[in-house]
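Visitor: quick check, what structure comes out for this input:
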Amino acid sequence: MTDYKNLKLIATSNPHIRNNETTRSIMLDVIIAMIPALVWAIICFGVEALILTAVSVIGCVVFEALYRILMKKPQSVDDLSAVVTGMLLAFVCPPTTQLWMVLIGDFFAIIVVKQLFGGIGKNFINPALAGRAFLLGSYAGAMTSWVDPAVNKAPIFGGTVDVVTAATPLAYLKTGNMDGLKEIYSVGDMFLGKSGGSLGEVSALMLLIGGVYLLWRKVISWHTPVAYIATVAVLTLLFPKAGSGVDFMLYSIFGGGLFLGAFFMATDYASSPITKKGQLIYGIGCGLFTVFIRYFGSYNEGVCYSIMVMNCCTALIDKYVKPTRFGVVKSDKKGAAK
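Guide: Numbering: from 1, shown residues only. Coordinates of the predicted model:
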């Protein structure tokens, strides 16, 4: 017979869900998903791509560890979130980015964007994208210099004297020069990753493999990436700047950082909506801003800024799409929101 008087009860806040997932396991899955894109970057740009990524990761880990020590806070580097930020920041940088530049980006991403707001889960924008935006504003020339992987590798330790810079596919799309783009890159080249661009964004195939892995592991849901990519596809198909709608659409979705942003950055837990409906709205918003920036802005790419803009809208989206709690009628819900 149960002794109810001596029964120890522990009261905790809801929801009461048991799950073996931890922050570390989720981040490890993200790291695994990025390995195909990293391998392809090494194949295209040489071992320097690995060096750039490794330095970026080490920088993020060191900055986070030092900050937690100086602020006398529990150490958090073992959750691997700093490793993910370091890899993503390297992925959105040109292969010719100098090591000291990426370390500055690491500092801004980890200290300013992540830790000063309370650490993981409390940042309102994606740290890696914020780091890239900071580097682009500070070193615009270096952050917009691209190399053609078919011509040369990227010298990280030296200068860029021997590097032949090349226009990215988005630069051709920006000017509507579809004929010139088709002469150097086919749609197949774009999909496989035989074109110029940032270190980890050139191969849509490798990023798609990583994205499918994250979906299979249920680390992310399909709502944000599908809504994002589909919005860009529909708009560029209906309103091509040159050539046929299908060709312009395929070059638009396979070029730039769309797949990288859709699967690995727009799905960041801390800066994206919680509900499925909110994720669809969020993904559509990212797609709209990406196309608007590419079409009407002075910058060829729009993924970075579109995601950061929608990051700032996440709280508003969650507020208006959150489901009604069980037992609460709609009139009560509206009154409480006022």
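
Visitor: so who does the closest residue to G245 other than its chain neighbours touch?
Guide: Of all residues not flanking G245 in the chain, L237 sits nearest, at 4.5 Å (C-beta to C-beta, 6 or more residues apart in numbering). Every C-beta, even on glycine, is put in place using the N, C-alpha and C of the backbone. Going by C-beta atoms under 8 Å, 6 or more residues apart in numbering, L237 touches 245-246, 248-249.

Visitor: which of the three states applies to L237?
Guide: Three-state call for L237 (DSSP: H, G, I helix; E, B strand; the rest coil): helix.

Visitor: any idea how far it is from I281?
Guide: To I281, L237 is 21 Å away according to C-beta to C-beta, to the nearest Å.

Visitor: what about G121, how many neighbours?
Guide: For G121, the neighbour count with other C-beta atoms under 10 Å is 12.

Visitor: what's the burial count for the spatially closest residue to it that is not a sequence neighbour?
Guide: Counting by C-beta to C-beta, 6+ apart, A270 is the residue found nearest to G121 once chain neighbours are left out, at 5.0 Å. The tally of other residues near A270 (other C-beta under 10 Å) stands at 19.

Visitor: A270 falls within a helix, correct?
Guide: No. Counting by three-state DSSP, A270 is not found in a helix; it is coil.

Visitor: list the contacts for it?
Guide: 120-124.

Visitor: phi, psi of it?
Guide: Main-chain dihedrals, A270, degrees, to the nearest 10: phi -70, psi -30.

Visitor: P74 - how many residues pack around it?
Guide: Neighbours of P74 (other C-beta under 10 Å): 6.

Visitor: now it, nearest residue through space, not along the chain?
Guide: That would be R68: by C-beta to C-beta, 6+ apart, it lies 7.0 Å from P74.

Visitor: which parts of the helix or strand containing the one you found are buried?
Guide: Applying DSSP states H and E as the criterion places R68 in helix 47-70. If you call a residue buried by 16 or more other C-beta atoms under 10 Å, then helix 47-70 has these buried ones: 48-53, 55-57, 59-65, 67-68.

Visitor: swap in stretch 32-45?
Guide: 33-34, 36-38, 40-42, 44-45.

Visitor: which of the residues you listed fall in helices?
Guide: Among these, DSSP state H puts 33-34, 36-38, 40-42, 44-45 in helices.

Visitor: just checking, what packs against the host helix or strand of V30?
Guide: Take DSSP H and E as the rule and V30 turns out to sit in helix 23-45. Applying 3 or more C-beta pairs under 8 Å, 6 or more residues apart in numbering; DSSP states H and E, we find helix 23-45 packed against helix 47-70, helix 81-91, helix 204-216.

Visitor: relative to helix 81-91, how tilted is it?
Guide: 20 degrees (axes from the mean of the first three to the mean of the last three C-alpha atoms, to 10 degrees).

Visitor: pLDDT on helix 23-45, on average?
Guide: Averaging pLDDT along helix 23-45 gives 93.

Visitor: other residues contacting that helix?
Guide: Residues contacting helix 23-45 (C-beta under 8 Å, 6+ apart): 49-50, 53, 78-81, 83-84, 87-88, 91, 95, 120, 147, 149, 153-154, 193-194, 199-203, 206-207, 209-211, 213-214, 217, 219, 260, 263-264.

Visitor: stretch 275-291 now?
Guide: 221, 223-232, 235-236, 258, 261-262, 266, 272-273, 302-303, 305-307, 309-310, 313-314, 317-318, 321-323.

Visitor: tell me the mean pLDDT for it?
Guide: Here the average pLDDT along stretch 275-291 is 95.

Visitor: and stretch 72-89, by the same measure?
Guide: 93.

Visitor: how long is that stretch end to end?
Guide: In terms of C-alpha to C-alpha, to the nearest Å, the two terminal residues of stretch 72-89 are separated by 27 Å.

Visitor: where does K319 land in three-state SS?
Guide: helix.

Visitor: dump the C-alpha coordinates for the helix holding V30 into CSV.
Guide: Written as CSV, here are the backbone C-alpha positions of helix 23-45 (Å, rounded to 0.1, in the frame of the first residue of the first chain):
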residue,chain,number,x,y,z
THR,A,23,21.2,21.8,-26.9
ARG,A,24,24.5,19.9,-27.5
SER,A,25,22.8,17.1,-29.5
ILE,A,26,20.9,19.6,-31.7
MET,A,27,24.0,21.6,-32.4
LEU,A,28,25.9,18.5,-33.2
ASP,A,29,23.3,17.6,-35.8
VAL,A,30,23.6,21.0,-37.3
ILE,A,31,27.4,20.6,-37.5
ILE,A,32,27.0,17.2,-39.2
ALA,A,33,24.6,18.8,-41.7
MET,A,34,27.1,21.4,-42.6
ILE,A,35,29.9,18.9,-43.3
PRO,A,36,28.9,18.2,-47.0
ALA,A,37,29.0,21.9,-47.8
LEU,A,38,32.4,22.3,-46.0
VAL,A,39,33.9,19.3,-47.9
TRP,A,40,32.7,20.9,-51.2
ALA,A,41,34.2,24.2,-50.2
ILE,A,42,37.6,22.5,-49.6
ILE,A,43,37.4,20.8,-53.0
CYS,A,44,36.6,24.1,-54.7
PHE,A,45,38.7,26.6,-52.9
